[in-house]
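S.K.: Would you be able to build a 3D model of this:
(one chain, ligands or ions: 2)
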Amino acid sequence: MKTEQINQAFEYAKTRYAGFGIDVEKAIADMDKLSISLHCWQADDVTGFEAGNDELTGGIQVTGNYPGKARTIAELRADIDKAMSLIPGEHRVNLHALYGDFGGEKVDRDQIEIKHFQSWIDWAKEKGYKLDFNATCFSHEKSADGFTLSHRDPAIRQFWVEHVIRCRKIAEEIGRQLGSKCIHNIWIPDGSKDLIVDRSLYRQNLKNSLDNIFEYKSNDELMLDSIECKLFGIGSESFVVGSHEFYMGYGIANNKMITLDAGHFHPTEVISDKISSLLLFTPEILLHVSRGVRWDSDHVVILNDELQAIAQEIIRAKALDRVHVGLDFFDASINRIGAYVIGVRATQKAFLQALLEPSAQLNSYEVNGQNFERLALLEEAKSLPWAAVYDYYCSTKGITPAEDYISDIQEYERNVTSKR
Ligand SMILES: C[C@H](O)[C@H](O)[C@@H](O)C(=O)CO
Ligand SMILES: [Mn+2]
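M.R.: Ligands and ions are numbered 1, 2, ... in the order given. Model prediction:
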């Protein structure tokens with residue numbers, strides 16, 4: 001796309017939006033502040049770098065065998081750098097504990113330390129990224145029967161409590177070294193394929209384990225804790241200990257952030273409608289932007305109705321500074337770097353559209369009970385020239401605009417990933 005074309009289209013867009021009293025430059029500046037956390041696990045199908053551990057368990061599944069997956073830390077970092085080079089703005093990288101730089105040594109989860117993540121911090125510093133972190137309570141022999149923090153065996157619970165406390169300390173140190181609060185997210189796979197008689201016992205165990213974990217008081221200026229629910233996983237269809245009610249209750253009672261993953265609810269249940277409720281009771285929330293297709297299949301995020309609704313809810317609630325946005329999908333059936341770029345660009349487009357919404361007019365229709373007019377303008381707003389504004393934003397940031405990035409990804413595939 002030629003710069004001249006982009007500029008012309010932008011000028012038209014500016015005038016069109018000005019008709020609604022919308023300042024396009026302000027919308028761009030607001031969107032530019034949105035730092036999206038790019039999950040490291042899309043680049044290698046959630047494999048990580050632990051010695052002798054490459055079986056993915058925990059009821060999550062990556063399907064596809066597209067060539068070129070990252071096999072080493074260097075390859076994974078290069079792939080993330082490539083994706084970042086095709087995304088405007090400043091973003092974060094979300095690490096899982098199993099991505100430590102263990103130098104080929106077997107380091108068990110209850111032994112990990114900051115030194116195993118120092119090279120990630122140094123890389124992030126060099127590249128200007130901020131980091132987020134996750135305990136890894138899956139893909140491990142002590143999670144093989146489907147339970148971790150809620151296990152019946154106190155020794156296994158203690159193993160995972162120790163792991164998560166270490167992860168929270170690592171997150172704290174990441175936040176200190178990078179000068180940006182590191183979000184530490186806890187998701188555990190605990191659940192059962194078939195019926196459980198004593199559900200209370202597992203939930204009580206999980207509550208006790210979390211209480212033990214949070215006995216370590218971290219510095220709120222350096223890290224934030226978040227807890228993530230799920231409806232079901234592969235092999236935990238009948239019972240998941242950490243349900244939505246469990247974590248919502250725990251989070252509100254204990255002042256912890258709640259993570260809403262778009263793929264973790266009933267197929268017709270949406271997280272967009274939960275945002276304005278949760279924000280009344282919790283200071284901040286974390287989103288895992290994903291795209292469940294029939295189940296939590298973690299498809300690449302696209303600009304669909306739900307993504308647009310998520311962004312609208314946040315912008316309409318004036319809560320951009322209270323919602324942390326991370327991506328969470330793993331698709332091994334297409335170019336993995338392309339998957340990142342599609343997902344982040346779609347998320348940015350959703351937020352930009354929401355920031356460009358003719359909100360004054362829409363609100364005035366709503367106040368006056370003009371419901372036809374409200375619906376008509378909501379429909380028309382969908383085709384206002386927001387895409388021209390996004391292309392302009394990319395071009396001012398020196399980032400390949402529109403579909404032109406496809407050939408960049410193809411070139412990287414030719415020169416780099418196809419040779420792996
Ligand atoms: C790999 C992550 O921990 C995982 O995606 C988690 O956030 C999740 O959503 C599990 O279904
Ligand atoms: Mn998630």
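S.K.: going forward, measure contacts between C-alpha atoms and count neighbours the same way
M.R.: OK.
S.K.: Residue 233 versus residue 193, what's the distance?
M.R.: 9 Å (C-alpha to C-alpha, to the nearest Å).
S.K.: The two: who's more crowded?
M.R.: Between residue 193 and residue 233, counted using other C-alpha atoms under 10 Å, the more crowded position is residue 233 (23 against 16).
S.K.: Can you tell me who that one pairs with across the strands?
M.R.: residue 236 (DSSP bridges).
S.K.: Residues of the stretch 151-300 of the chain that sit close to ligand 1?
M.R.: Within reach of ligand 1 by C-alpha under 6 Å from any ligand atom, the stretch 151-300 of the chain has these residues: residue 187.
S.K.: could you pull out the helices for the stretch 301-420 of the chain?
M.R.: 305-316, 336-355, 359-367, 371-382, 386-396, 405-415 (DSSP state H, counting those that start in this stretch).
S.K.: Identify the residue of the stretch 1-150 of the chain closest to ligand 1, quick one.
M.R.: residue 60 (5.8 Å; C-alpha to the nearest ligand atom).
S.K.: Can you name the element that comes right after the longest helix belonging to the chain?
M.R.: In the chain, ranked by residue count with DSSP state H as the criterion, the top helix is helix 154-178. With elements assigned by DSSP states H and E, the helix or strand that comes after helix 154-178 is strand 182-186.
S.K.: neighbouring contacts of that following strand?
M.R.: 130-135, 164, 167-168, 171-172, 174-175, 222-228, 259 (C-alpha atoms under 8 Å, 6 or more residues apart in numbering).
S.K.: What strands line up against that strand, and which way round?
M.R.: By DSSP bridges, strand 182-186 pairs with strand 130-134 (parallel), strand 223-228 (parallel).
S.K.: buried stuff in the longest helix of the chain?
M.R.: With burial defined by 16 or more other C-alpha atoms under 10 Å, the residues of helix 154-178 counted as buried are 156-178.
S.K.: outside of it, which residues touch it?
M.R.: 97, 109-114, 117, 121, 125, 130-135, 137, 142, 148-151, 181-184, 186, 209-210, 212-214, 216, 218-219, 222-223, 225.
S.K.: Compute the inter-axis angle for it and strand 130-134.
M.R.: 180 degrees (axes from the mean of the first three to the mean of the last three C-alpha atoms, to 10 degrees).
S.K.: Give me whichever of the strands paired with strand 182-186 is most buried.
M.R.: strand 130-134 (a mean of 25; mean count of other C-alpha atoms under 10 Å).
S.K.: right, is that one up against ligand 1?
M.R.: No. Using C-alpha under 6 Å from any ligand atom, we find that strand 130-134 stays clear of ligand 1, coming within 6.8 Å at best.
S.K.: And for stretch 50-58?
M.R.: No. Stretch 50-58 lies out of reach of ligand 1 by C-alpha under 6 Å from any ligand atom, never closer than 8.1 Å.
S.K.: That stretch spans what distance, first to last residue?
M.R.: 16 Å.
S.K.: circling back: now mean pLDDT too, for the strands paired with strand 182-186, in a markdown table please.
M.R.: Supplementary listing: the strands paired with strand 182-186 in a markdown table, determined by pLDDT from 0 to 100:
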| stretch | mean pLDDT |
| --- | --- |
| strand 130-134 | 98 |
| strand 223-228 | 98 |
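S.K.: so can I have CSV of these showing distance to residue 374?
M.R.: What follows is the strands paired with strand 182-186, written out as CSV (distance: least, C-alpha to C-alpha, whole Å):
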stretch, distance to residue 374
strand 130-134, 39
strand 223-228, 35
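S.K.: Nearest to residue 351, out of those strands?
M.R.: Closest of those to residue 351 is strand 130-134, at 20.5 Å (criterion: C-alpha to C-alpha).
S.K.: Tell me which residue lies farthest from the centre of this protein.
M.R.: Here the chain reaches farthest from its C-alpha mean at residue 368, the gap being 37.9 Å by C-alpha atoms, centre = their mean.
S.K.: Quickly note the distance from that one to ligand 1.
M.R.: Distance of residue 368 to ligand 1, computed by C-alpha to the nearest ligand atom, to the nearest Å: 41 Å.
S.K.: end-to-end on stretch 105-125?
M.R.: 25 Å.
S.K.: list the buried ones in that stretch?
M.R.: 107, 109-110, 112-114, 116-118, 120-121, 124.
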